[in-house]
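In: I would like to see how this sequence folds:
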Amino acid sequence: METLWFCVIALLWLGYLFLEGFDFGVGMLLPVLGRDETERRVLINTIGPVWDGNEVWLLVAGGATFAAFPGWYASLFSSAYLPLTLFLLALIGRGVAFEYRGKVDTARWRRNWDRLIIGCSWVAALGVGLVLSTTVFGLPLDAAGDRVGSPFAAIRLETLLGALAIAGYALVHGAIFLSLKTEGEVRERARALALKIAPAALLPLVVLLLLVQLRFGSVWTWAASIVVAMAAFGALARLALRREGQAFALMGLAVAAAVVALFGALYPNVLPSTLDPAHSLTVAGTASSPYTLTVMTWVAAFGTPAVLVYQGWTYWVFRKRIGTRHIPAVHVP
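Out: As a prediction, this is how the structure comes out:
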């Protein structure tokens, strides 16, 4: 049961990275692909109906970690308190900016909220990468599971690499999503940008996976890392042929394989100790009681299908492309 819930949490992170990844990417690319107010509204409208639903995956992942592995939750969240606080503030800032951007009809008002969307999207993407790579590479934990040393212990070269890896992935994923969801010049610019930046933007992810596999990998996690490279290459190849839907699906396969490679290399640990491997937190050592995990399994069995159906229906309703012709004229004083 403990292993099952470790896999469930990995699956929840996969859903969050896939869905919120393009969310972050759209926000990060707002000043690059949105050349005027109408185009910026097109970009924001592509994620307008879904961005808040995408964040549910993060909430469920955090809640599941708290309930299924309280020791993992306590050590990670307390030891990486500062990065997590910045990450959560960035998510709050993005949400406020999306809601308030159109409340006042002036260029200055919208410009200020646009800056908040851009900045918070970058901080959130970098924060996700930092937290995930901290989980994989570990923290200086003592025998009680408490962090030893500086409150900035989570910020190291390998975790900064993880931050860049997720931010780079979000940029490419967001550009591919925009090429899938928009039309006209915005679509063409998004497609061209994705092809142009992908080699440099995805390089940190490749280096991160190599580093993780060299330190902790096994045969099957190496195989998952190879799938990441093949799927990413295939996505760009299909994008070059204007098959945006196939490219988007292949990016989903790439992030799924990346999650398998990272969490597979982490298992059976949930948070390694960089001081002494004997102090590492493990799946078995931090899990809740069998009764708790059983109750959670029954709740998830009934609740998860409902969430998936509702979210799938939302994406189906808003599946069509958006262009500047769909945006009503706006008065910009």
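
In: Can I get the host helix or strand of V42 in PDB? Just the C-alpha atoms.
Out: Following DSSP states H and E, one finds V42 within helix 37-47. Coordinates of each C-alpha in helix 37-47 appear next as PDB, following Å, rounded to 0.1, in the frame of the first residue of the first chain:
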ATOM      1  CA  GLU A  37      -3.100  44.100 -26.300                       C
ATOM      2  CA  THR A  38      -5.300  41.900 -28.600                       C
ATOM      3  CA  GLU A  39      -2.600  39.300 -29.000                       C
ATOM      4  CA  ARG A  40      -1.900  39.200 -25.200                       C
ATOM      5  CA  ARG A  41      -5.600  38.600 -24.600                       C
ATOM      6  CA  VAL A  42      -5.500  35.700 -27.100                       C
ATOM      7  CA  LEU A  43      -2.600  34.200 -25.100                       C
ATOM      8  CA  ILE A  44      -4.300  34.600 -21.700                       C
ATOM      9  CA  ASN A  45      -7.700  33.300 -23.100                       C
ATOM     10  CA  THR A  46      -6.100  30.000 -24.200                       C
ATOM     11  CA  ILE A  47      -5.600  29.100 -20.500                       C
END
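
In: what comes into contact with that helix?
Out: With Cβ atoms under 8 Å, 6 or more residues apart in numbering as the test, helix 37-47 has contacts from 22-23, 26, 29-30, 33-34, 98, 101, 107, 110, 114, 117, 177-178, 181-182, 185-186, 322-324, 326-327, 330, 332. Every residue, glycine included, has its C-beta placed from N, CA and C.

In: any chance you could map the strands in the stretch 151-300 of the chain?
Out: Counting by DSSP state E, counting those that start in this stretch, the segments of the stretch 151-300 of the chain that form strands are 269-271, 281-282.

In: where does the protein have low pLDDT?
Out: 329-333 (pLDDT under 70).

In: Could you pick out the buried ones from the contacts of helix 37-47?
Out: Neighbour-count burial within those applies to 22-23, 26, 29-30, 33-34, 98, 101, 110, 114, 117, 177-178, 181-182, 186, 322-323; the criterion is 16 or more other Cβ atoms under 10 Å.

In: Now do the buried residues in stretch 243-255.
Out: When burial is assessed from 16+ other Cβ under 10 Å, stretch 243-255 yields the following buried residues: E244, Q246, A247, F248, A249, L250, M251, G252, L253, A254, V255.

In: and if you look at stretch 77-93?
Out: Using 16+ other Cβ under 10 Å as the test for burial, stretch 77-93 gives S79, A80, P83, L84, L86, F87, A90, L91, G93.

In: In terms of helices and strands, where is the fifth one?
Out: Per DSSP H and E: L86 is located in helix 81-100.

In: any idea how far the next helix or strand after that helix is from the chain center?
Out: For helix 81-100, the succeeding helix or strand toward the C-terminus, using DSSP H and E, is helix 107-137. From the chain centre to the centre of helix 107-137 is a distance of 11 Å (Cα atoms, centre = their mean, to the nearest Å).

In: can you check stretch 242-262 too?
Out: Per Cα atoms, centre = their mean, the displacement of stretch 242-262 from the mean C-alpha position of its chain is 13 Å.

In: Check stretch 23-37 too.
Out: Centroid separation for stretch 23-37 versus its chain: 17 Å, with Cα atoms, centre = their mean.

In: Likewise for stretch 281-300?
Out: 25 Å.

In: Run through who's touching that stretch.
Out: By Cβ under 8 Å, 6+ apart, stretch 281-300 touches 1-6, 8, 64, 67-72, 75, 141, 145, 267-273.

In: change it to 7 Å
Out: 1-3, 5-6, 8, 67-72, 75, 145, 267-271 (Cβ atoms under 7 Å, 6 or more residues apart in numbering).

In: Show me which of the residues you listed are buried.
Out: Among these, those classed as buried by 16+ other Cβ under 10 Å are 1-2, 5-6, 8, 67-69, 71-72, 75, 145, 267, 269-271.

In: Can you flag which of these belong to strands?
Out: Judged by DSSP state E, the buried ones among the contacts of stretch 281-300 include N269, V270, L271 as members of strands.

In: No further questions, thank you.
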